[in-house]
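S.K.: I'll drop the sequence and a predicted model, then ask my questions.
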Amino acid sequence: ATVVTLGVLCLPIMLREGYPPALATGTVAAAGTLGQIIPPSIVLVLLGDVLSSAYQQAQLRMGVFSTDTVSVGDLFAGALLPGLVLVLSYLLWVFIAAPARPAAVESPPVAGPAPRVGVALLAPLGLVLTVLGSILGGIATPTEAAALGAAGAIALALGRRRADLHMLFGCAMKAVEMTAMVFLILIGAALFSLVFKAYGGDHTVQNLLASLPGGLATAIVCVMLLVFLLGFVLDFIEITFVVVPIVGPALLMLGADPIWLGVMLGLNLQTSFLTPPFGFALFYLRGVAPESVATTDIWRGALPFILIQLGIIALVAFVPGLATALPHWLYGA
């Protein structure tokens, strides 16, 4: 929704003002995917459930009986700092790329009163902060926070006299479609995992990763590379439900911090929205971009932002505190 909205509202203006198509489309596509790592993020919600199961499996295999889990709130808190660093890195790249073409980025003054964008964003931003704050503060579970968000969105629509039965029915049907798709994939992934584990596949993967020279560091590099390559051809939901349950317990048994691992996987999965040929953000942007913009322009524009994301993954790998400091400060070690 974000990519389509930005593509319809902002992209034509950017092209008209002389921005290079690659820079304009890359900025729109990358900005539209930031919500997949900055809370509240559906990627982190799904990862939280899968990693919690993997964490419990790893503890059982090591003979440790504990009720500890990896909550969605842990991952939300862990992803905040890396997400902000990612935003700043995007901005830095735009500032670096834009001054090389001063004539292309200088916009003439707009006649008339400035649009009241800030005022219009106050209510939606307040709703987002309320939902996120209720989760981080331990006031509500993710399910309860989702209900709070839905109720708040309906209240905003009613307050602006934009709500009617047709709109509510459309939203409900979209929610049903999304839920059915996720659960269908989840059921298929669960059946695959049962057969895979029945034939000892999980132990094979664990032994393979444990036998790699370099221990956890080499195993993490191999798994991150696998997830990144799968992102070229698979959606993040399939990777989350099929791959993470297989490699997650093995990495956790090797000593990976579960929150750090979740943030690393979340950042990696975000690249799947931008990597051609099946990056969803690129597909959606292609659908709303003017015909004058070539598909190769969209792909070339996304490339610098993909490299930035890979750089942030490396940064979090070498500085784990970016992902673990805030959740440990909020909830304890």
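M.R.: Noted; the coordinates are in hand.
S.K.: just give me the neighbour total for residue 192.
M.R.: By the measure other C-beta atoms under 10 Å, the count of residues near residue 192 is 15. Glycine gets a C-beta too; all of them are placed from N, C-alpha and C.
S.K.: in space, what's closest to it - neighbours in sequence excluded?
M.R.: Closest residue to residue 192 in three dimensions, ignoring its sequence neighbours and counting by C-beta to C-beta, 6 or more residues apart in numbering: residue 242, at 6.3 Å.
S.K.: centroid residue for this structure?
M.R.: Per C-alpha atoms, centre = their mean, the C-alpha nearest to the average position across the chain is that of residue 36, at 2.4 Å.
S.K.: let me see the contact set for that one.
M.R.: 42-43, 236, 266, 269-270, 273 (C-beta atoms under 8 Å, 6 or more residues apart in numbering).
S.K.: which SSE is immediately downstream of the helix or strand of the chain with the lowest mean pLDDT?
M.R.: When the helices and strands of the chain are compared on mean pLDDT, DSSP states H and E, helix 102-105 comes out lowest with a mean of 50. Elements were assigned by DSSP states H and E; along the chain past helix 102-105, the next helix or strand is helix 117-136.
S.K.: any weak-confidence spans in the protein?
M.R.: With pLDDT under 70 as the threshold, the chain has low-confidence stretches at 66-67, 99-120, 333.
S.K.: could you redo the last one with a cut-off of 50?
M.R.: Across the chain, the stretches falling below the confidence threshold (pLDDT under 50) are 102, 104-105, 111, 113.
S.K.: now for residue 197, how many residues are close by?
M.R.: The number of residues near residue 197, taken as other C-beta under 10 Å, comes to 14.
S.K.: quick one on the thing from earlier: I'd like the distance between the residue nearest to residue 192 and residue 191.
M.R.: 11 Å (C-beta to C-beta, to the nearest Å).
S.K.: which one of those two has more residues nearby?
M.R.: Taking residue 242 and residue 191 together and counting by other C-beta under 10 Å, residue 242 has the greater number of neighbours (20 against 10).
S.K.: for whatever helix or strand residue 183 lives in, which helices and strands make contact with it?
M.R.: Residue 183 is part of helix 165-198 when elements are defined by DSSP H and E. The helices and strands touching helix 165-198, judged by 3 or more C-beta pairs under 8 Å, 6 or more residues apart in numbering; DSSP states H and E, are helix 236-238, helix 244-253.
S.K.: what comes up buried for it?
M.R.: For helix 165-198, a neighbour-count test (16 or more other C-beta atoms under 10 Å) marks 185-186, 189, 193, 196 as buried.
S.K.: cool, and stretch 218-237?
M.R.: Using 16+ other C-beta under 10 Å as the test for burial, stretch 218-237 gives 219-220, 222-224, 227-228, 230-231, 234-237.
S.K.: then stretch 135-143?
M.R.: Here stretch 135-143 shows 135-136, 140, 142 as buried, counting by 16+ other C-beta under 10 Å.
S.K.: now do the same end-to-end measure for it.
M.R.: Stretch 135-143 has its terminal residues 10 Å apart, counting by C-alpha to C-alpha, to the nearest Å.
S.K.: can you count the residues close to the closest residue in space to residue 81 that isn't next to it in sequence?
M.R.: Taking C-beta to C-beta, 6+ apart as the measure, residue 81 lies nearest to residue 322, with 5.0 Å between them; neighbours along the chain are not counted. Residues within reach of residue 322, counting by other C-beta under 10 Å, total 22.
S.K.: then the one 5 residues further on?
M.R.: Residue 327 is surrounded by 26 other residues when neighbours are defined as other C-beta under 10 Å.
S.K.: may I ask which helix or strand encompasses it?
M.R.: helix 321-331.
S.K.: ok, and what's touching that helix?
M.R.: The set of residues external to helix 321-331 that reach it, using C-beta under 8 Å, 6+ apart, is 73-74, 77-82, 85, 136, 257, 259-260, 263-264, 315-316.
S.K.: ok, now stretch 143-156?
M.R.: Looking at stretch 143-156 with C-beta under 8 Å, 6+ apart, the contacting residues turn out to be 40, 123-124, 127, 130-132, 134-135, 140, 163, 168.
S.K.: who's in contact with the residue nearest to residue 192?
M.R.: When contacts are counted by C-beta under 8 Å, 6+ apart, residue 242 touches 189, 192-193.
S.K.: closest one of those residues to residue 54?
M.R.: When these are compared for distance to residue 54, the smallest value, 10.8 Å, is given by residue 193; criterion: C-beta to C-beta.
S.K.: please tell me I have it right and residue 56 contacts residue 70.
M.R.: No. With contact defined as C-beta atoms under 8 Å, residue 56 does not reach residue 70; the gap is 9.1 Å.
S.K.: what about the two, which has more around it?
M.R.: The residue with more neighbours, out of residue 56 and residue 70 and counting by other C-beta under 10 Å, is residue 70; that gives 26 against 19.
S.K.: thanks a lot, see you next time.
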